[in-house]
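1. From the sequence below, what's the structure:
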Amino acid sequence: MASLISGTPPNRPARLHLFDLDGTLIRGSSAAVEISHQLGLDEEIRELELAFAAGGMTPPEFAARACALWSELTDDHVTAAFMDAPWLAGIREVWQEIRERGERSAVISLSPDFFVGRLLLQAPPSRHGRAPRDGTGDTAGARGPAVLTDRGPGGPPRETGADPGRGADAAYGSRWPTVPFREQPDPAGILSAEAKVRIADELCAEFGVSRSDCVAYGDSMSDAALFAAVPVSVAVNADGHVRDLASAEYEGEDLREAYGLVRKSP
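-> I've put the predicted structure just below:
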């Protein structure tokens, strides 16, 4: 991974902003829901997400079920799902300001790396005002052309092809096979809520900061461990699992407003 941007003002410590994906950057939906919609499988994925949210299956079990559901998935479907998802407005602007301030942004998600990894290449399009599909937020599901992927216990992440002027500085997702699938996801590569804290620590070491310099943004139970581990957090369109843990709470459709709640003065 790249080192911290040079030119950070000496009296202002760098910060690392850690963003969840499902239900946070994507409002009221998830990568799995958006992918399934492209395949005409809205009801099927809704049932899976409800079962997962109720604790009826583990992240690896969800991934195995979703992989079977997505047997006809192609890169074109993934691209369409990415472009049509109900992203919060202002993501590109927030990541650009973070970069200009000598700080860093990262996305850590349980969703498949072939979807999450696209956020290294570009900030997503704003879909301000588009109604979200029925979804429950975080799931264990959905490798892209550029991604920091979790390589399993003891394995280093890998970064390829990122354009630092557009996307996030780092992105982690659950490790999935290449689309179209010829095998099932390896359970060891599917992330958990607890893995978010481990990945955050790895990113702190890479970027030369500590947990005390981190800001977390999330919406649900999969973000609770990370919210408890860092000093500043924003509950974004969140449920009750993280509201009480958060430093600030935001309801709305623009990441600039959520970021403004914890933005430090120059």
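
2. any weak-confidence spans in the protein?
-> Applying pLDDT under 70 to the chain flags the ranges 1-13, 127-165, 265-266.

3. let's go with 50 and repeat that
-> Confidence mapping of the chain against pLDDT under 50 gives the ranges 1-11, 129, 135-137, 139-165.

4. can you give me the helices for it?
-> 31-38, 42-53, 59-69, 75-84, 91-100, 113-116, 118-121, 193-207, 224-229, 240-243, 255-260 (DSSP state H).

5. can you tell me which of these comes nearest to residue 186?
-> Evaluated over the helices of the chain, closeness to residue 186 peaks at helix 59-69, with 8.6 Å, by Cβ to Cβ. Where you see a C-beta, it was placed from the backbone N, CA and C, and this is true even at glycine.

6. ok, how many other residues are close to the nearest residue in space to residue 22 that is not next to it in sequence?
-> Nearest non-adjacent residue to residue 22, counting by Cβ to Cβ, 6 or more residues apart in numbering: residue 30, 3.6 Å away. The local packing of residue 30 (other Cβ atoms under 10 Å) involves 30 other residues.

7. again, but for residue 64
-> When neighbours are counted by other Cβ under 10 Å, residue 64 registers 18.

8. Okay, the closest residue to it other than its chain neighbours and residue 195: tell me how far apart.
-> Leaving aside its sequence neighbours, residue 64 sits nearest to residue 184 (Cβ to Cβ, 6+ apart; 5.8 Å). Residue 184 sits 19 Å away from residue 195, going by Cβ to Cβ, to the nearest Å.

9. Show me which of those two is the more surrounded one.
-> Counted by other Cβ under 10 Å, residue 184 and residue 195 do not tie: residue 195 has more neighbours, with 19 against 13.

10. rewinding a little: same list, the helices of the chain, but as TSV with distance to residue 180 please.
-> Formatted as TSV, the helices of the chain follow (distance: least, Cβ to Cβ, whole Å):
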stretch	distance to residue 180
helix 31-38	13
helix 42-53	18
helix 59-69	11
helix 75-84	8
helix 91-100	29
helix 113-116	11
helix 118-121	17
helix 193-207	26
helix 224-229	33
helix 240-243	35
helix 255-260	32
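
11. Can you check which of these gets nearest to residue 177?
-> Here helix 59-69 is closest among those (Cβ to Cβ), at 8.0 Å.
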